[in-house]
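Chemist: here is a sequence with its predicted model. Questions after.
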Amino acid sequence: MEEVDHIIIHSLRVIGCDIEEDVTNLKQFSTELIVSAVIRCLKVINSDVDLPNSLPGGMSAKFRIGTSMAAHIQELGYRGEIGYQTFLYSNEQEIRRVLMFLVDKLPKETAEAVEEVLGASVLLQRTIASTLAQQLNSVWTPPYLKQNSITWRGSPPHWQREGASSLCKFHASHLHIPQGMTDLKRKLPKALRSYYSQSLPYVTNQTVHHNDTSSSVIEKMASEITAQQEWENEWNQAGLASRLSEQEYREKKKNKIRKRVMDQLRQDVQRSGDFAASRKAQDLQQMIDSISSRAGSSTKTKGSRFTHTEQLIFAKDEEKTMSQMGGESEVGQGHSEEEIQNQRDAEVEGLREEVSGLVSRLEQMDLEMRKFTASIQQMEEVVSTQGSTNAEKEEAYTVKKRTLDLLPDAENNIAKLQSVVDGSAQRLVTLANQWEKHRAPLIDQYRELKDLSSKKESEGEKKLEEIKAFRVRMKEVADDARHKDEHLKQLVAEYERMTKDVNRSAYTQRIMEIVSNIKKQKDGINTVLIDTRAVQKEINQLTGKLDRTFTVTDELIFRNAKKDEAAKKAYRHLAALHESCELLISTVEETGVIMREIRELEDQIENESKNKVLSNLEKITSDYQQMKKENTALMAKMKQRS
Amino acid sequence: MELSQAVIDSLSIVGDSAHVPNKCYQRLLDAAFDGVVDSEQRNRISGDEAFGGVDKAALKEAYAGLVSCIIEATKHDTEAASLEAVLEDCKFTADRIKAFISSYQERKQILQILLGNVGVTPPHIVDVDWRLDYYIKNNHLEKVNQAVYLISLKTEVPGKPGIQDVQFSCTQEQLQDFVGKLKDATKCLEKISASQ
Amino acid sequence: MLLIFDDKHKEHLSFLTDTETDVVREFCKISMEFIRKGSNRKIYQGAAQKLKVDVETVQHGVEGLMYLLTECSKLMLNEIDFQDSILTLGFSEDMRQTLLELYLQNRREIRAIMSEMAMDLPHYQNLEWRFDVQLASRSLRRQTTPVVTFKLHIDDAGERETKVLQTDPVNLVHLTKVLDEALQEMKSPYCRRIARNIK
């Protein structure tokens, strides 16, 4: 019973009953405590219950509360007998029964726990609540006392961000990381290797700002993983079906792409070829025009861009000379200077004309040369075709010549030819035979091999399918594993929180103890039962034996009694002995029955004494008195009123 | 946590005592962690003479692998157990795994701060200054006689050094409204924090 | 405190002393319109024709009345001061009562109009807030960072400006506390004494 009381008291404390520390069993519960505990339980079970938390003073109010409490408990499904007296004039056992029922009805925490396992959202809510609580309770620090807006709180210290001064954008730049440096099979150009070992900065030193290192690393990792997944997908779908090794497949793909790029480029080049050529010709035309215009006229009114730039280059000198000229003419210098100038100009003009002439001639020559090379090519082609026809003709000629040579001795030669023809025909036949001989086994072999290869192919196909299936399975299993891992993590977190609740383990321990106790008791009962059964058996045996011996002795003595006087006496004594012994046995049995009755009665007495009948009676009488008083007071009031 | 094949290969170099001798391992570990965390130590490894006998190209690869692993683990808040599994796959010995994990746990929060620094937010209020004026008159009106508060919210703006002000004035009623709303918010937070 | 009128003003208003109270009422209405929307010559002309006087005189009358009302409102004269001030203008008792009534009626509106003309600082208009928890970012996948985001509406001479700000719980608590203290400061004996003494 003590364990039960402990559990009940603990649960009552958990729901917020004010039970003093030294109260360890239900016997110590006072009426007030009982009432308040029951009301608390009722409120926890059903929040609609409207009862005062403590016992009121008036007797009638007490009675009312008692009855309504009883009604509530019956509503909850309590089967036992219950009324106001259960609480007001309590008896330990009844109260225990009622409280056990109520504690059993209390909303279960276990149900909550099950829910939490299902929803990670509750866990999340909790972490949010706890971080919030922590932050709300931490002391404010001025911004200039925080390094990078971070403060460290609690023990063990945990950081929290209280500002934004150190934030920076996610800015990733390209990182270069050497790969496969320890792979001896990999061929690496020597220059690259020396670059790696001497000049390449370490990964944390590659970005301009150190802040960007982590973003860059994250970005690089993400892109690598994506590429890997992409490749895996492709390999699973297209790669495996192509039945090439991984390297071959890559090679093939590379070539394919290269070819496509090349085709594209070639097409574009061709398409733009005409256009570009015309553009080039235009440019050329323009250039020639501009040059000739510059050469032809010294007026600088209009010109192409080219002439302008050209002018800009030469302009300075010219301008200088011009200004000099102007200055000189204003001053009015000698005639000869001007003449010299004119002469020079003329010379320059002449030279320019000559240059342009030469240039145009060069152009012409160039064109001619191109033409000539083209014609040379043509000619070469003609020559080659001519050569081939020539060779053919020569052959025909030799054949014809030989036949002509053979013509004079026609008969003979025909015969000879005939024999030669015959011989070759025969040889052909033998060869054909031989060929047949060789051919048959070869064909057989060929067929066999073909069969084999097709078989192998189908096998390969099958295996491919299997591989595909395996890959799918692999993925599934990996996913499953991941899920399970997550679940495990959740459960572990759950478990960690659970262990905080020491009571649970105490409970289970106690329950285990109780169970083992019960087992022990059961064993004891069993042994006692067996003992009793054995004793019963013995008794039965003995009585049987007694009966039998008695009848035998009875008969024996009875027979002798007719003849012998002493025997008659003995018989009478035997009968008396038997009777008195039977009496004795029945007396013993009766004593046993009475003893049992006594014990039962003692138990009953104990029970009754537990019910606190006397004190309850006293209480009832006092309450009755109080009630009477209240009633008389009320009556008096009524009278006063009326 | 998922690592690319390249990183796993690089980590395997770290795990291989033929390439990273035992006496260098802890040095490499410290250099990698500090290189990630501390901008002043970002190039510490290049000057370290402890790695004199190690092939620099391989060292660079190994270092990059370690750095990637550290950052990725912090990013995903990876548990020690799964980290152990990853390192085991990369042929780390038990001692090396232990050293790595203890270094990781030791600096985990600092690493989290570092990665938490990446991002953008609106200006963040860190403090507030106020001034109470009694508005008496202006050139159009006399006897205005009204309390006026000048509020200056001190904010930190990501990417800008120092503190930026957000200034506005308000009358007593407006401030009442403002404070009322702030109190609402605080109460809401308290409620959430108590609901565990 | 009394309002001192200069002679010209008195002269302008003297026209009104000879008219009926209804006319003064009408003039007051016109003056208020003037304050609200600016002058309107057409009304002056209509009034001048009705009263058979110069447009000029009407205009002066209206303007004089307007000046009287705005000056008094500006100084926030009380009833007695107002009555004492216009005593010198030579209005009849009845007329003075009418003027006082009109003054008291319109003082509020005039002050409101004038306060709109006054220089103003950007001032608080509204605040919206919400509570977020940052659960993950691109570079840190597991975190719970509580953040309170504000949208602050500020009115700067009719132009509305909204600012998006944020803060964390620690600073929010601090902010609330400091501003609440500021609010309480106004109720402190010191501030009350000052408010009481500046009248």
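Modeler: Good, I have the coordinates.
Chemist: and the chain, what are its domain boundaries?
Modeler: In the absence of a named chain, chain A is used. Under the assignment the TED database, the domains of chain A span A:1-105, A:122-161, A:190-203+A:213-272.
Chemist: that's the wrong chain, I meant chain C
Modeler: If you go by the TED database, chain C breaks into C:7-117, C:127-198.
Chemist: what is the neighbour count of A:Tyr78?
Modeler: Neighbourhood size, A:Tyr78 [other CB atoms under 10 Å in any protein chain shown]: 16. In short, each C-beta sits where N, CA and C put it, glycine included.
Chemist: quick one, strands of chain B?
Modeler: Counting by DSSP state E, one finds strands in chain B at the ranges B:124-135, B:146-156, B:164-171.
Chemist: and the helix or strand harbouring A:Glu608, what does it pack against?
Modeler: Per DSSP states H and E, A:Glu608 falls inside helix A:565-610. Helix A:565-610 sits against helix A:502-561, with contacts defined as 3 or more CB pairs under 8 Å, 6 or more residues apart in numbering or on different chains; DSSP states H and E.
Chemist: tell me what angle the helix it packs on forms with helix A:565-610.
Modeler: Using axes from the mean of the first three to the mean of the last three CA atoms, to 10 degrees, the inter-axis angle of helix A:502-561 relative to helix A:565-610 is 160 degrees.
Chemist: and helix A:502-561, how far out from the chain middle?
Modeler: Offset of helix A:502-561 from its chain centre (CA atoms, centre = their mean, to the nearest Å): 65 Å.
Chemist: may I ask you to name the longest helix in chain C?
Modeler: Using DSSP state H to define each element, chain C has its longest helix at helix C:93-117.
Chemist: name the helices or strands packed onto the helix or strand that it is followed by?
Modeler: Later in the chain than helix C:93-117, the nearest helix or strand by DSSP H and E is strand C:123-134. In terms of contacts (3+ CB pairs under 8 Å, 6+ apart), strand C:123-134 is packed against strand B:164-171, helix B:172-194, strand C:145-156.
Chemist: to chain A, which of these lies closest?
Modeler: Of all the helices and strands packed on strand C:123-134, helix B:172-194 sits nearest to chain A, with 3.8 Å by CB to the nearest CB.
Chemist: in CSV, list the C-alpha atoms belonging to the closest one.
Modeler: Taking C-alpha atoms only, helix B:172-194 is exported to CSV below (Å, rounded to 0.1, in the frame of the first residue of the first chain):
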residue,chain,number,x,y,z
GLN,B,172,3.4,62.2,-26.2
GLU,B,173,0.4,60.4,-27.7
GLN,B,174,2.4,59.1,-30.6
LEU,B,175,5.1,57.9,-28.3
GLN,B,176,2.4,56.2,-26.2
ASP,B,177,1.3,54.4,-29.3
PHE,B,178,4.8,53.4,-30.2
VAL,B,179,5.7,52.1,-26.8
GLY,B,180,2.4,50.3,-26.6
LYS,B,181,3.2,48.5,-29.8
LEU,B,182,6.7,47.6,-28.6
LYS,B,183,5.2,46.3,-25.4
ASP,B,184,2.8,44.2,-27.4
ALA,B,185,5.7,42.7,-29.3
THR,B,186,7.7,42.0,-26.1
LYS,B,187,4.7,40.4,-24.5
CYS,B,188,4.2,38.2,-27.5
LEU,B,189,7.8,37.0,-27.3
GLU,B,190,7.4,36.4,-23.6
LYS,B,191,4.3,34.3,-24.2
ILE,B,192,6.1,32.2,-26.8
SER,B,193,9.1,31.7,-24.6
ALA,B,194,6.9,30.5,-21.7
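Chemist: packing partners for it?
Modeler: Applying 3+ CB pairs under 8 Å, 6+ apart, one finds that helix B:172-194 contacts helix A:120-137, strand B:146-156, strand C:123-134, strand C:145-156, helix C:169-185.
Chemist: was I right to think C:Met117 contacts C:Thr70?
Modeler: No - applying CB atoms under 8 Å, one finds C:Met117 not in contact with C:Thr70, separated by 10.8 Å.
Chemist: compare the two (neighbour count), which wins?
Modeler: Each of C:Met117 and C:Thr70 has its neighbours counted (other CB under 10 Å); C:Thr70 has more, 21 against 11.
Chemist: from chain A, how far out is the more buried one?
Modeler: Distance of C:Thr70 to chain A, given as CB to the nearest CB, to the nearest Å: 49 Å.
Chemist: run a quick neighbour tally on the closest residue to that residue other than its chain neighbours.
Modeler: Nearest non-adjacent residue to C:Thr70, counting by CB to CB, 6 or more residues apart in numbering or on different chains: C:Ile110, 6.0 Å away. C:Ile110: 21 surrounding residues under other CB under 10 Å.
Chemist: now do the contacts for C:Ile110.
Modeler: C:Met32, C:Ile35, C:Leu69, C:Thr70, C:Ser73 (CB atoms under 8 Å, 6 or more residues apart in numbering or on different chains).
Chemist: around chain A, which positions in chain C sit nearby?
Modeler: Applying CB under 8 Å from any CB of the partner chain, one finds that chain C approaches chain A through C:133, C:135, C:138-139, C:144-146, C:166, C:168-171, C:173-174.
Chemist: circling back: in JSON lines, list the domains of chain C along with mean pLDDT.
Modeler: Putting the domains of chain C into JSON lines (pLDDT from 0 to 100) gives the following:
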{"stretch": "domain C:7-117", "mean pLDDT": "83"}
{"stretch": "domain C:127-198", "mean pLDDT": "92"}
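Chemist: of all those, which one is nearest A:Ser458?
Modeler: Relative to A:Ser458, the nearest member of these by CB to CB is domain C:127-198, separated by 47.9 Å.
Chemist: now do the closest one: distance to the chain's middle.
Modeler: Centre-to-centre, domain C:127-198 and its host chain are 29 Å apart (CA atoms, centre = their mean).
Chemist: what about it, how long is it end to end?
Modeler: Across domain C:127-198, the terminal residues are separated by 32 Å (CA to CA, to the nearest Å).
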